[in-house]
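1. Predicted model and sequence below, questions to follow.
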Amino acid sequence: MDTDKDRSFLGKGWAFPPVFHTGVSPTAMVSDEEDIRQSLHIILSTRLGERVMRPEFGSEVHNMVYHNMDLTARTQLRAAIENAILHFERRITLTDVEFDVSEERVGKMSIILEYTIRLTNARGNLVYPYYYDEHF
């Protein structure tokens, strides 16, 4: 199995945040696994309704910023993440969502996503920093 050939089907897109250069390729591009990681970051960091031409794009992650991050809130957060990824990143299967609350006292929680890339069956992960109001 030629993995380089398979990876070409994973996609290619603009780097995020966009970077522009002078020369032959003025826009920085990413592909393969990095394109998927950046796509996940964009999905989680985009609020619903933020994109005028596509108001359904994004996640409800930011709606939970002022909640007390107890088990109920984390369960709701997990459901919001799973729903957003199911709808907007079809190249992967989300296998686990975990929360690292070791920095809870400063209002930070790390969201750890583990996933499998469907086309190549390769595993990947993303750690997304989530900041919330710690005064609850």
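-> Thanks, I have the structure now.
2. Please enumerate residues in contact with the lengthiest helix in the chain?
-> With DSSP state H setting the assignment, residue counts place helix 71-88 as the longest helix in the chain. Here helix 71-88 makes contact (C-beta atoms under 8 Å, 6 or more residues apart in numbering) with 39-40, 43-44, 57-61, 63-64, 67, 69, 92, 94, 97, 99, 111, 113, 115, 130. Quick note: C-beta positions are derived from backbone N, CA and C, even for glycine.
3. again, but for stretch 100-120
-> With contact meaning C-beta under 8 Å, 6+ apart, stretch 100-120 is reached by 3, 6-7, 9-10, 33, 36, 40, 44, 69, 77, 81, 85, 90-99, 122-134.
4. measure that stretch end to end?
-> End-to-end span of stretch 100-120 (C-alpha to C-alpha, to the nearest Å): 28 Å.
5. ok, and the closest non-adjacent residue to the spatially most central residue of the chain?
-> Among the residues of the chain, the one closest to the centroid is Leu40, at 2.4 Å (C-alpha atoms, centre = their mean). Leaving aside its sequence neighbours, Leu40 sits nearest to Leu126 (C-beta to C-beta, 6 or more residues apart in numbering; 5.2 Å).
6. I'd guessed the one you found sits against His41; true?
-> Yes. If you go by C-beta atoms under 8 Å, Leu126 and His41 touch, sitting 7.0 Å apart.
7. the more surrounded of the two?
-> Neighbours were counted for Leu126 and for His41 using other C-beta atoms under 10 Å; Leu126 has more, 17 against 13.
8. on that earlier part again, emit the PyMOL select command for whichever of the contacts of helix 71-88 are buried.
-> In PyMOL, a selection of the buried entries from those looks like this (16 or more other C-beta atoms under 10 Å):
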select buried, resi 39+40+43+44+57+58+59+61+64+69+92+94+97+99+111+113+115+130
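9. Need phi/psi at the residue lying closest to Ala80 once chain neighbours are set aside.
-> Of all residues not flanking Ala80 in the chain, Glu60 sits nearest, at 4.1 Å (C-beta to C-beta, 6+ apart). The phi/psi pair for Glu60 (degrees, to the nearest 10) reads phi -90, psi 10.
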